[in-house]
Every structure is written in structure tokens, then in C-alpha cells.
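# Quick one: sequence plus predicted model below, questions after.
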Amino acid sequence: MRPNIKRDLSSSLYIAVSVTDVALSFAQIPVIVSLVADRDAALFSIKTICVGWRIVFKSLQRFSVFLVLLLSISRTVSLVSPLAKIKRNAALRVMYGYIAYIVLETSILGSMEGYSYDYTGGYCYENGHKPTSQVYNALYVITLGVPAVVTFVSFILSTLAIRRSMKCARTLSCAALAQCQGLGEEASHE
């Protein structure tokens, strides 16, 4: 029998973030083996594992950051505009679209890279000597950096929305609080 799991957007995103983070943790096993073996290439001496690990690790990193971005935006929307609804299916389509983008980008640009083992860090990395490396690395930085900035802005907006609600709650009645939050007549009659 299947457990009873809430299927709302927040629950779906929390589950996706958790699964991605567990996968990222497991992806560290080859690095751990390498570090325990005095930084010997160990599993990374097999070229397929080296290339596959780097592609999977970078993809999971970016996907995890993107999921946190989606979660942050959904939370901010619910705080700033409580009556606004983000449709779960629309958010999931965005998530699947991002997965498709990562797969496509990695298939095209990542396959053109040369990979080698870094004895200092104990992991595989792109050599970075090809022109495509600059594009690939720029896209990598953008897909990690832009979500971080948007998440920070989301945090600021959420904090301001909570502060505004608390200020209203201290000074106004429930009906006025609903109006202060932008709920208008719908919430004041409840």
C-alpha cells in the first residue's frame, strides 16, 4: 500500500530537493574512495566513471539550486500575495523543462569536454582548454549564480511581507489586517 503523501506544490518540491540532495551525497562516494586511498584516482581511473561522475555531479548541483529557487519563489508568492495560487503542474513543467535543458546542454557541450582527474581535490573536472569549455563554464556559473540572486531577492521580499503583516497585526483588527495584506473583502467576511 502506498503511503498517503500530500501532493501540493511545497510537498512535491521538498521531496524533490531531498531526493536530489541524497543523490548528491551518494555522488560523493567516488571522491571519498579517492581521498581515503591517499588521493589515488581509484574509481576515477576509469574514464567512463570520471566523465559520468562529473556530468551527474554538475547536473545534480544545478538542479538542487534550481529546486530551492522554485521553492523560494513559491513561498514568496504565498507570503506577498496570499490569494495567488501557483499551479503545481505548471511548476512541475518548469522543473521538467529545466531537467531537459540540463540534459541537452550536457549532451551537446559536456560531451565536447576533455575530463581528467585532479589529484589535489580528489575528483574529475573538465580540462577547460577548448572554446566550448568557456561557454560550458559560463552557463554553469549562470545556472548557479542567477538562482542564488533571485533566491536572495525572494528572501528580502518575504521578510518585508512578514514584517508588514506583523506591523498590521499589532495595530489593526482582523478585517483591517486582511485588507492590509491585500486580501480585501474576500477575507474580511470569513
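Nice, thanks for sending it over.
# So which bits of the helix or strand containing residue 61 are buried?
Assigned by DSSP states H and E, residue 61 falls within helix 47-80. Under the neighbour-count criterion of 16 or more other CB atoms under 10 Å, helix 47-80 has 50-51, 53-55, 57-80 buried. In this view, the C-beta of every residue, glycine as well, is placed from N, C-alpha and C.
# how far away is the spatially closest residue to residue 30 that is not a sequence neighbour from residue 26?
The spatially closest residue to residue 30, leaving aside those adjacent along the chain, is residue 43, at 4.3 Å (CB to CB, 6 or more residues apart in numbering). Distance, residue 43 to residue 26, by CB to CB, to the nearest Å: 13 Å.
# quick one: which of these two has more around it?
A count of neighbours by other CB atoms under 10 Å puts residue 43 above the other of residue 43 and residue 26, at 18 against 11.
# surely that one meets residue 37?
No - using CB atoms under 8 Å, residue 43 makes no contact with residue 37, being 9.3 Å away.
# what are the ranges of the strands in the protein?
Secondary structure of the chain (DSSP state E): strands located at 115-118, 123-126.
# could you dump these to a markdown table with mean neighbour count, distance to residue 155 and mean pLDDT?
As requested, the strands of the chain are exported to a markdown table (neighbours: other CB atoms under 10 Å; distance: least, CB to CB, whole Å; pLDDT from 0 to 100):
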| stretch | mean neighbour count | distance to residue 155 | mean pLDDT |
| --- | --- | --- | --- |
| strand 115-118 | 16 | 34 | 80 |
| strand 123-126 | 20 | 31 | 79 |
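# What average pLDDT does the helix holding residue 61 get?
The predicted model gives helix 47-80 an average pLDDT of 88.
# elements contacting that helix?
With contacts taken as 3 or more CB pairs under 8 Å, 6 or more residues apart in numbering; DSSP states H and E, helix 47-80 sits against helix 9-27, helix 88-108, strand 115-118, strand 123-126, helix 131-171.
# hey, which of these is tucked in deepest?
For those, the largest average neighbour count (mean count of other CB atoms under 10 Å) is found in strand 123-126, namely a mean of 20.
# Mind listing the strands that strand pairs with, and their directions?
Here strand 123-126 is paired, per DSSP bridges, with strand 115-118 (antiparallel).
# What lies in contact with the partner strand?
Here strand 115-118 makes contact (CB atoms under 8 Å, 6 or more residues apart in numbering) with 34, 41, 44-45, 47, 50-51, 54, 123-127.
# Using CSV, write down the CA coordinates of that strand.
What follows is strand 115-118, C-alpha atoms only, in CSV (Å, rounded to 0.1, in the frame of the first residue of the first chain):
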residue,chain,number,x,y,z
TYR,A,115,38.0,15.3,-18.5
SER,A,116,40.8,14.4,-16.1
TYR,A,117,41.4,13.5,-12.5
ASP,A,118,42.6,16.2,-10.1
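# And for stretch 89-108, what's in contact with it?
The contact list for stretch 89-108, computed with CB under 8 Å, 6+ apart, reads 9, 12-13, 16, 55, 58-59, 62-63, 66-67, 70, 74, 136, 139, 143.
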